[in-house]
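1. pasting the sequence and the predicted coordinates here, then a few questions.
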Amino acid sequence: MGNPSGRWTDAIIGSMKEALFGDAEYSGSDKGPANVAISPIEEVMRDICALGWGAWRDYAFAREPLNGRLDDAQRAELMERARECGEDWARRCERDFDSSSPLEIAERLGAIVTFAERPHGQDRVTFAEFTEPDEIYVYTDAMDKAEALLGAPGVREAAGPRMRPRELLVAHEVFHLIELRNARAIWTQAYRLDIRFGPFHNPSRLVVLGEIAAMSFARTLASLDYSPYVLDVLLTYAYSPAAGTTLYNEVMGYQQHDRNALHDKGDAAAPTTEAGPRNRSPDACLQPSRCREE
Amino acid sequence: MEFVIGILLIASFFAFAFYCIKGYNLMAGFLTMATLWLILSLLGTLGASPSFIEANPALQFGEGTDVTLVNILNTVYQSGPEGWGTILINFLFGAWFGRVLMDTGIASTIIRKTVELGGDKPLITIILLDIVTAIIFTSMTGAGPVMAVGVIVLPILMSLGIPKTIALFTFIASVGAGCYLNPVFFAQYRAFVINPDQLPDFLFGWYAQNWGYYAMGIMVVVTLIMTAIYLRSSKKSHAWAAQVAPQAQKDAPGYTLILPLVPVILNIAFNFSVIGGFVLAGMLALWLCGKFDKGFRENIQYISKLMYDGTVDTAPMVGFLLCLPMFNTVARYASPYFSAVLGPIIPQSTLMICVLFTALLFFSLFRGPLTLVGCGAATLGVLKNVATFSVPFMYCAFAIPTITGNLASCITQSWTAWGLSYTKVESKDFLRLTVPTLYIGGALLFALTYITMGALGAEWFV
């Protein structure tokens, strides 16, 4: 039992002090990669490989410069349309080239594929690059480390036998080559978001659509059950577990956010199913898909 | 003897330039150079001709004078760094304000809104982003804010297909353009030319109206034109990259987006103190953006944390900034020897100085003899002793290579080094873009300097 003075302080002064001065502990400390609690790679891979296509929506669109001009319904719609576009072009490539090997398709398309070692910083890791008109660079520095990680117990089981980073990276960049060659016909290049500033209109492409469709293209060629966005986390983790965990936390944070949003709306359906959300907005400004064979 | 000492000083000067180019620690370099030059200068008085000593009061000490050797040592090692304290404090508050703008989301909101305005047109987006970046760096200071804005701007530019080298070049160059109108940098470089209490009419407002606005405008336009030229001859690229820094942040209220300009406007319009402007605008930013939503104690801790982060941002500069004044002070004792050797060949006219400095702009790179944040402090000391130029002219003549050369073009600049690492751009590729810009922009700025500062009246001389 505390002394009377202590109880009086707790009851009156304590609450006044907290109201006036707040909690003595500062809660706004840095949550950056340097301070993140590192999650085990098996746990990371198990969780992110279980995510469906639509679960990567917020993560993907967070990297879109015009994201602030979209609402959730539009993002969900575009995510799905981009998936369809990537799948369609992957099927066409498989049919036309009689192969699902990204390297072979790249070769048949006349692309120059270069594998180069490139050291990375911890803040931004570049995996691969497509330089117009036909050069594909795949950087092996983090990829080699990722291959080693995939050999760790539990990781390969989570990722499955079809997870081949090198082919996924090439496939992703091959899609950008296809986008360039079919700029007028492909949906990712044809779609325009109408940005308005007062009386002014600025119809703009969304760069993220090409990225999402490239993921879908790579996923279809590799017959993966999950999104190749998994590589963002895996390759970054391979280079820096703290940075990889930060990305993992970001992705999983979006799932929590979506669950909360659904709960608020009283909707029981989870947004992470394989088919993805189909909540088309009636006023969404969408062009008809032009993703077709030429 | 004075000629021999002069030659030795010049030789050590080039050795130091080599040291800087090799990328060794500048703080240790300036401390060593200050000591070496002091020893050479004092030893020189033992064998110099009496007429030389008589003509240079700075070298008169010991018996028969009021100055002792200890006085000289105290001037170099104590008064020099102490005198620089006022500049350092400006730096710290500038860095704090930079942190405030980042933490409140004001800087990122400005960038995001600008990008939305540009849509998917790379050149329009670059034009808007460069202008906005230059404007916000009129008040933000230090490597931390440059990096914090860079992690937003650079991925956006690269996602639009702009090659990473051009993206980095245009961003860093626009940061440099903004530095021409940054009161913190003005105070710092002004202190190289004269003591802070000298020539009180040489204020930031006067400088801005007569030179600063034009200099910033010229460099923004040159950067944009060069970027457009580089883009025309470049190949578009798309990178698959993962970035740790989260981009999602709540937008700051629209009316707070003007706050980055408040310290500069207050200083120019009312000669309001720089630090006062930072504190006022910073507190307003925190309050209007709802950052004071906790109790008093936690809010104070939050402000302290921002100051801590800002101080850390400037930490690499602090050691350098505290040893640099020793070197500046010692240049006073060394410059008579420089004059003995270089006096007859250094141009005495403002036109010739402008032409010579334009031709030698390459020496502003790698902490060379034209940048004040390298061994240009010594060049300034020499120039001050062998010729007579107005203070504003001297300021501008050295600000051009320091800002456009060092801050905006050189790979030894802290934020550029970060940018190279972040974007994986090769140093030589970056320099291929910056050096032509340095010469074109520098030539225009020296022309501006000659026109606006070349014929100032006697009241601008010290």
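-> Structure received.
2. what parts of the stretch 101-250 of chain B come near chain A?
-> For the stretch 101-250 of chain B, the residues in contact with chain A (CB under 8 Å from any CB of the partner chain) are B:112, B:115-117, B:119-121, B:125, B:151, B:155-156, B:159-161, B:163, B:235-248. C-beta here means a position set from N, CA and C on the backbone, and glycine is covered the same way.
3. among the residues you listed, name the ones in helices.
-> Members of these lying in helices (criterion: DSSP state H): B:112, B:115, B:116, B:117, B:125, B:151, B:155, B:156, B:159.
4. spatially, which two of these are the most separated?
-> Spatial extent of these (CB to CB) is set by the pair B:117 and B:151 at 20.4 Å.
5. among those two, which residue is more densely surrounded?
-> residue B:151 (19 against 16; other CB atoms under 10 Å in any protein chain shown).
6. so that one makes contact with residue B:241?
-> No: the pair residue B:151 / residue B:241 is not scored as a contact, 12.0 Å apart, by CB atoms under 8 Å.
7. count of neighbours near the residue in chain B positioned nearest to chain A?
-> Closest approach between chain B and chain A, counting by CB to the nearest CB: residue B:295, at 1.8 Å. Residues lying near residue B:295 (other CB under 10 Å) number 17.
8. what do you get for the one 3 residues further on?
-> By other CB under 10 Å, 19 other residues sit near residue B:298.
9. tell me which element it is part of?
-> helix B:296-342 (DSSP states H and E).
10. name the residues that touch the helix or strand following that helix?
-> Using DSSP H and E, the helix or strand that follows helix B:296-342 in sequence is helix B:350-359. Contacts to helix B:350-359, defined as CB atoms under 8 Å, 6 or more residues apart in numbering or on different chains, come from residues B:347, B:370, B:383, B:387, B:389, B:393, B:397, B:400-401, B:439, B:442-443, B:446-447, B:449-450, B:453-455.
11. also stretch B:1-11?
-> Surrounding stretch B:1-11, the residues in contact under the criterion CB under 8 Å, 6+ apart are B:37, B:40-41, B:43-44, B:46-49, B:52, B:334, B:336-342.
12. need the strands for chain B, in chain order.
-> In chain B, the strands defined using DSSP state E lie at B:237-243.
13. and if you look at chain A?
-> Applying DSSP E to chain A gives strands spanning A:112-116, A:124-131, A:135-139, A:193-197, A:200-204.
14. which ones are touching the spatially closest residue to residue B:322 that is not a sequence neighbour?
-> Counting by CB to CB, 6 or more residues apart in numbering or on different chains, residue B:81 is the residue found nearest to residue B:322 once chain neighbours are left out, at 4.8 Å. Under the criterion of CB under 8 Å, 6+ apart, the neighbours of residue B:81 are B:322, B:323, B:325, B:326.
15. if I read this right, residue B:207 contacts residue B:187, doesn't it?
-> No: under the criterion of CB under 8 Å, residue B:207 makes no contact with residue B:187, lying 10.5 Å away.
16. these two: who's more crowded?
-> The neighbour count for residue B:207 versus residue B:187, taken as other CB under 10 Å, is higher for residue B:207 (23 against 18).
17. tell me the pLDDT at that one?
-> Here the pLDDT value assigned to residue B:207 is 95.
18. mind checking how far the residue lying closest to it once chain neighbours are set aside is from residue B:138?
-> Distance criterion CB to CB, 6+ apart; nearest residue to residue B:207, sequence neighbours excluded, is residue B:186 at 6.2 Å. As judged by CB to CB, to the nearest Å, residue B:186 and residue B:138 stand 10 Å apart.
19. cool, and residue A:114?
-> Going from residue A:114 to residue B:138 by CB to CB gives 42 Å.
20. residue B:223 too?
-> For residue B:223 relative to residue B:138 (CB to CB), the value is 15 Å.
21. which of these two has more neighbours?
-> residue B:223 (29 against 25).
22. how many other residues sit next to the closest residue to residue B:113 other than its chain neighbours?
-> Leaving out its chain neighbours, the residue that sits closest to residue B:113 by CB to CB, 6+ apart is residue B:257, at 7.5 Å. Neighbour count for residue B:257, taken as other CB under 10 Å: 17.
23. contacting residues around residue B:257?
-> Going by CB under 8 Å, 6+ apart, residue B:257 touches B:106, B:109, B:110, B:113.
24. same thing but 7 Å
-> Applying CB atoms under 7 Å, 6 or more residues apart in numbering or on different chains, we find residue B:257 in contact with B:106, B:109, B:110.
25. any weak-confidence spans in the chain?
-> With no chain named, the answer covers chain A. Applying pLDDT under 70 to chain A flags residues A:1-35, A:118-124, A:257-294.
26. can you look at chain B instead?
-> Along chain B, the parts satisfying pLDDT under 70 run over B:20-23, B:244-249, B:316-317.
27. hmm, back to that, just checking, the residue nearest to residue B:207 touches residue B:203?
-> No: here residue B:186 does not reach residue B:203: they are 9.1 Å apart, not a contact under CB atoms under 7 Å.
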